[in-house]
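> Below are the sequence and a predicted model for it; my questions follow.
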Amino acid sequence: MHITADVAYWQAMSARASLPDLDTLPPQALRSLILAQHQALTVQAETIQAQDEELAGRQAEIERLQLLIAKLRRMQFGRRSEKREREIEQLELQLDELATAQAETPVAVSPVEATAAEVGSKPARRPLPPHLPRQKQTIALQETLCPACGGELKPLGEDVTEILEYVPAHFHVIEQVRPKLACARCDQIVQAPAPSRPIARGMAGPGLLAHVLVAKYCDHLPLYRQEDIYAREGVELTRATLADWVGGTSQLLAPLGEEIRRHVLGASKLHADDTPVPVLAPGLGKTKTGRLWTYVRDDRPASDTTPPAVWFAYSPDRKGEHPQAHLRPFTGTLQADAYAGFEAVYATGRVREAACWAHGRRKFYDLEVAHKSLIAHQALERIEALYAIEREIRGRPAEERRTIRQARARPLLESLRTWLQSCLPKLSQKSDTTAAAKYALSRWEALARYAEDGQLEIDNNAAERALRAVALGRKNYLFAGSDRGGESAATLYSLIGSAKLNGVDPEKYLREVLSRLPDHPINRIAELLPWNLAAPAAAPQPDAP
């Protein structure tokens, strides 16, 4: 007996409206009535279930769109940390203006009150650095006799006041004079050989070349802005000239960049990441997207004294073959994001994967920002407990770090994993919260690997810090002129970034390197690495996670 959903529904409604006397109904009629009501209830349950699934799907789509909008807004207006930095900058500007206005406002007080006010409000003056050059000015009395009695004045002592002054950077010309000498007997002319120059027949000295390079790749001043700055000093240096200097010095420095590559890839643990770089496509007048890859060797958080360094490599696209070629000589652990191109590197068996908790945390952070997800908030609190341990053990020896992680971080990791697994059945399979949890669970072995090895870090922030200079520069000079320009940028970013990691002033370092490199033996190029050329004043520790 087949009853359609509509018929069953109306039969059930009719039965509900006027239920017959069940005691007098024959068995067949009673059976039909029960079947009709059962069919109606089944249809109703199926309808409710379908509506619930549709509502859950719509809610998941709403959450997905909210998260997408939040991400797009962050891409448009900057990450939250960057916005916070801008807010701090605005507050600092307000503070500057208020302090300036206060200093400009005269206050009528007695000398005693003024002295007390100054003592109470002005910060204690710090002594000026002793390494600064001093220029002594003696301010002597013109009189030689006492103005009170006319007696002879004798030396009693002196007051010394230090005034901090600034002398603007300036150009100067070095005239290299090479006298010619003639032999009185045979008329042969002899002359001292011309000193080597960083760029053959170039007029730029090592200091100027270093300044141009650091201004572009460290201070993010494109060449056209430098051209304007130099013009204000009365020196006309066209962009074409500056570009020739940048290209020439990058070729000269290429062997040093290769030496940094060998040093970096000789580590047992590396941080890796990449970032897009717009590059002019030849003949099209448009840009294509190249990539700058960064590989960082920095074991200072594990109390290792090996000099840190960063090596940049350029590629015209993001194919996996590029990191595979870069990492062919490397054996050890690679800390990186979930980029699929690294999978072939791990498949060789030479390289172990250590995933990045900052990436896993970021997915929950986006959810918490987008729609105040309770699960995302709880996940962030659990991950923060792991980071608290890392802040405490930063700088300790690797074995001590491993021991503490095994005792304290390992139970937290297991608890977090169990909790994420328990959350999944309660969530829609289409929700972004589910995606965030599945991302962490699918990479769990790699995410938890840092707890087994004190040399590893909890995240890949070392590589992300190395890419900040590229991101800032990209905003200013927009694109590289060619693939060759991308390779030059990679070399210079490697040298400048490695100098900064070792606490060495990049401009002073490049000035010294460019002074020595033209006559330096190529088989002793390692002598010119930042940590070998000059002892760092105080190598900074990397930022806390």
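Sure thing, it's come through. Numbers count the residues shown, from 1 in each chain.
> residue ranges for the strands of the chain, please.
180-182, 189-191, 269-280, 287-297, 309-315, 332-335, 351-354 (DSSP state E).
> ok and the fourth one relative to strand 269-280, angle-wise?
On the basis of axes from the mean of the first three to the mean of the last three Cα atoms, to 10 degrees, strand 287-297 is oriented at 160 degrees to strand 269-280.
> what helices or strands is strand 287-297 leaning on?
Judged by 3 or more Cβ pairs under 8 Å, 6 or more residues apart in numbering; DSSP states H and E, strand 287-297 is in contact with helix 239-265, strand 269-280, strand 309-315, helix 321-326, helix 461-477, helix 483-501. Placement of C-beta: from N, CA and C, glycine included.
> and that strand, what's its mean pLDDT?
Per-residue pLDDT values over strand 287-297 give a mean of 90.
> Going by neighbour count, list what's buried in it.
290, 291, 292, 293, 294, 295, 296, 297 (16 or more other Cβ atoms under 10 Å).
> Dump the residues you listed into JSON lines; add distance to residue 497 as well.
Putting the buried residues of strand 287-297 into JSON lines (distance: Cβ to Cβ, whole Å) gives the following:
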{"residue": "290", "distance to residue 497": "18"}
{"residue": "291", "distance to residue 497": "17"}
{"residue": "292", "distance to residue 497": "11"}
{"residue": "293", "distance to residue 497": "13"}
{"residue": "294", "distance to residue 497": "8"}
{"residue": "295", "distance to residue 497": "11"}
{"residue": "296", "distance to residue 497": "8"}
{"residue": "297", "distance to residue 497": "11"}
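> Now do the most centrally placed residue in the chain against residue 295, distance only.
The centre of the chain sits closest to residue 465, judged by Cα atoms, centre = their mean, with a distance of 2.8 Å. Residue 465 is 13 Å from residue 295, where distance means Cβ to Cβ, to the nearest Å.
> Residue 470 now?
Distance from residue 470 to residue 295, by Cβ to Cβ: 14 Å.
> Spit out the residues that contact these two alike.
Overlap of the contact sets of residue 470 and residue 295 (by Cβ atoms under 8 Å, 6 or more residues apart in numbering) consists of residue 312.
> Output the below-cut-off pLDDT ranges for the stretch 101-250 of the chain.
Within the stretch 101-250 of the chain, the stretches with pLDDT under 70 are 101-125, 165-168.
> mind listing the helices in it by residue range?
Applying DSSP state H, counting those that start in this stretch to the stretch 101-250 of the chain gives helices spanning 111-121, 206-217, 223-232, 239-265.
> what's the distance between the last one and the middle of its chain?
The reference is to helix 239-265. The chain centroid and the centroid of helix 239-265 are separated by 22 Å, computed with Cα atoms, centre = their mean, to the nearest Å.
> quick one: buried residues of that helix?
Buried-residue list, helix 239-265, by 16+ other Cβ under 10 Å: 241-242, 245-246, 248-250, 252-253, 256-257, 259-261, 263-265.
> helices and strands around that helix, which ones?
helix 206-217, helix 223-232, strand 287-297, strand 309-315, helix 483-501, helix 506-516.
> angle of that helix against strand 269-280?
Using the same axes, to 10 degrees, helix 239-265 lies at 160 degrees relative to strand 269-280.
> what's the angle between helix 239-265 and helix 506-516?
Angle, helix 239-265 to helix 506-516, by the same axes, to 10 degrees: 100 degrees.
> How about the third one?
Taking the same axes, to 10 degrees, helix 223-232 and helix 506-516 form an angle of 80 degrees between their directions.
> how about helix 223-232 as PDB, C-alpha atoms only?
Extracted C-alpha coordinates of helix 223-232, given in PDB (Å, rounded to 0.1, in the frame of the first residue of the first chain):
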ATOM      1  CA  LEU A 223      66.700  54.900  -7.000                       C
ATOM      2  CA  TYR A 224      64.500  57.700  -8.300                       C
ATOM      3  CA  ARG A 225      64.200  59.000  -4.700                       C
ATOM      4  CA  GLN A 226      67.900  58.700  -4.200                       C
ATOM      5  CA  GLU A 227      68.400  60.700  -7.400                       C
ATOM      6  CA  ASP A 228      66.300  63.500  -5.900                       C
ATOM      7  CA  ILE A 229      68.100  63.400  -2.600                       C
ATOM      8  CA  TYR A 230      71.500  63.700  -4.200                       C
ATOM      9  CA  ALA A 231      70.300  66.500  -6.400                       C
ATOM     10  CA  ARG A 232      69.600  68.600  -3.400                       C
END
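> How about that helix, which residues are buried there?
Neighbour counts over helix 223-232 (16+ other Cβ under 10 Å) mark 223, 226, 227, 230 as buried.
> for stretch 438-451, same thing?
Those would be 439, 440, 443, 444, 446, 447, 448, 449, 450, 451, for stretch 438-451 by 16+ other Cβ under 10 Å.
> Now for the buried residues of helix 223-232: which two are most distant?
Greatest spatial distance in the buried residues of helix 223-232: 223 and 230, 10.3 Å, computed using Cβ to Cβ.
> hang on, the earlier thing: which stretch among the strands of the chain is buried most, on average?
strand 309-315 (a mean of 25; mean count of other Cβ atoms under 10 Å).
> In its sheet, which strands sit next to that one, and in what direction?
strand 287-297 (antiparallel) (DSSP bridges).
> Please find the angle between the direction vectors of the partner strand and helix 483-501.
Going by the same axes, to 10 degrees, strand 287-297 makes 30 degrees with helix 483-501.
> For the nearest residue to residue 329 once chain neighbours are set aside, give its distance to residue 344.
In this structure, residue 329 finds its nearest non-sequential neighbour in residue 265, 5.1 Å apart by Cβ to Cβ, 6 or more residues apart in numbering. The gap separating residue 265 from residue 344 is 17 Å, by Cβ to Cβ.
> Residue 404 now?
From residue 404 to residue 344 the distance is 34 Å (Cβ to Cβ).
> Looking at the two, which one has more neighbours?
residue 404 (18 against 14; other Cβ atoms under 10 Å).
> Do I have it right that the more buried one meets residue 389?
Yes. Shown here, residue 404 and residue 389 form a contact pair, counting by Cβ atoms under 8 Å, at 6.9 Å.
> Can you report how many residues lie near residue 398?
17.
> I'd guessed it sits against residue 450; true?
No. The pair residue 398 and residue 450 fails to qualify as a contact (Cβ under 8 Å) at a distance of 11.3 Å.
> any chance of the helices and strands packed on strand 287-297 in a markdown table, with distance to residue 173 too?
Shown next, in a markdown table, are these (distance: least, Cβ to Cβ, whole Å):
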| stretch | distance to residue 173 |
| --- | --- |
| helix 239-265 | 16 |
| strand 269-280 | 35 |
| strand 309-315 | 35 |
| helix 321-326 | 43 |
| helix 461-477 | 29 |
| helix 483-501 | 26 |
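> Can you flag the weakest of the ones you listed by average pLDDT?
Among these, helix 461-477 scores lowest, at a mean of 75.
> Quick one: residues contacting residue 179.
Here residue 179 is in contact with 191, 192 (Cβ under 8 Å, 6+ apart).
> Out of the helices and strands packed on helix 239-265, which is closest to residue 420?
strand 287-297 (29.5 Å).
> Centre of the chain to that closest one, how far?
13 Å.
> And stretch 511-531, by the same measure?
Using Cα atoms, centre = their mean, the offset of stretch 511-531 from its chain centre is 29 Å.
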